[in-house]
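Student: Got a predicted model here, sequence first, then my questions.
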Amino acid sequence: MDTTNGEERGTFDVAAYAEELERAPSNRQLGTSLWFENDHVRVFEVRLEPGERGPFHVHDQTYFWTVVEPGRGLQRFADGTFVVRDYALGETRYLVHSDRDPLVHDLENVGDTTLRFVTVALKR
C-alpha cells in the first residue's frame, strides 16, 4: 500500500466483488436516498454510518458532490485499485463523465463518524 498526502492507495481482489461489478454499469443509484429528480438533475444523499458501504455504481453523467458530514472513506474502482482518504466538511468536487467515459466505484465508511455527502448528477 502506498501512502501519500494522507491518502492510502493500493489494489484489491476484484473477484471478491465480481457479481456486484457486473451489475454496476446499470446501477445509477448514486447515494443512499434520492432527494429530488427532474428533467435536469438528480440529487442524492449519501449517508454511511461507520462500517457501512455503498455498492459499486456508475457515474455516466457530469456530477458534483459536497461533504456535509466529514469522515474517512474507502473507494474501490473497477480497475482493482482503491484509495482511502479523509473528506473535509464543505469539500466539493466537480467530475465530468459520460457513457463514453464512465466511472465505476463504491464507497465505504472506514471512519468512526457518519460520512455524508450531497451528490448532484446533471442530466443535460
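Tutor: Everything's here; your move. Numbering: from 1, shown residues only.
Student: Correct me if wrong, but V118 is in a strand.
Tutor: Yes - judged by DSSP: H, G, I helix; E, B strand; the rest coil, V118 forms part of a strand.
Student: and it, how many neighbours does it have?
Tutor: Using other CB atoms under 10 Å, V118 is surrounded by 17 other residues. Heads up, the C-betas are built off the backbone N, CA and C, glycines and all.
Student: Give me the pLDDT value at the residue nearest to T66 when sequence neighbours are not counted.
Tutor: Residue nearest to T66 in three dimensions, not counting chain neighbours: T92, with 4.4 Å by CB to CB, 6 or more residues apart in numbering. For T92, the model assigns a pLDDT of 98.
Student: So what's the residue count around T92?
Tutor: By other CB under 10 Å, 11 other residues sit near T92.
Student: which ones are touching E8?
Tutor: M1, D2, V83, V84, R85 (CB atoms under 8 Å, 6 or more residues apart in numbering).
Student: With only the CA atoms kept, save the one helix or strand it maps to in PDB.
Tutor: Element membership of E8 [criterion: DSSP states H and E] is strand 7-11. What follows is strand 7-11 as a C-alpha-only set of coordinates in PDB (Å, rounded to 0.1, in the frame of the first residue of the first chain):
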ATOM      1  CA  GLU A   7      -4.200   9.100   1.200                       C
ATOM      2  CA  GLU A   8      -3.600   5.400   1.200                       C
ATOM      3  CA  ARG A   9      -3.600   3.700  -2.200                       C
ATOM      4  CA  GLY A  10      -3.400   0.100  -3.200                       C
ATOM      5  CA  THR A  11      -5.100  -2.800  -5.000                       C
END
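Student: Relative to R72, how far out is P102?
Tutor: According to CB to CB, to the nearest Å, P102 and R72 sit 26 Å apart.
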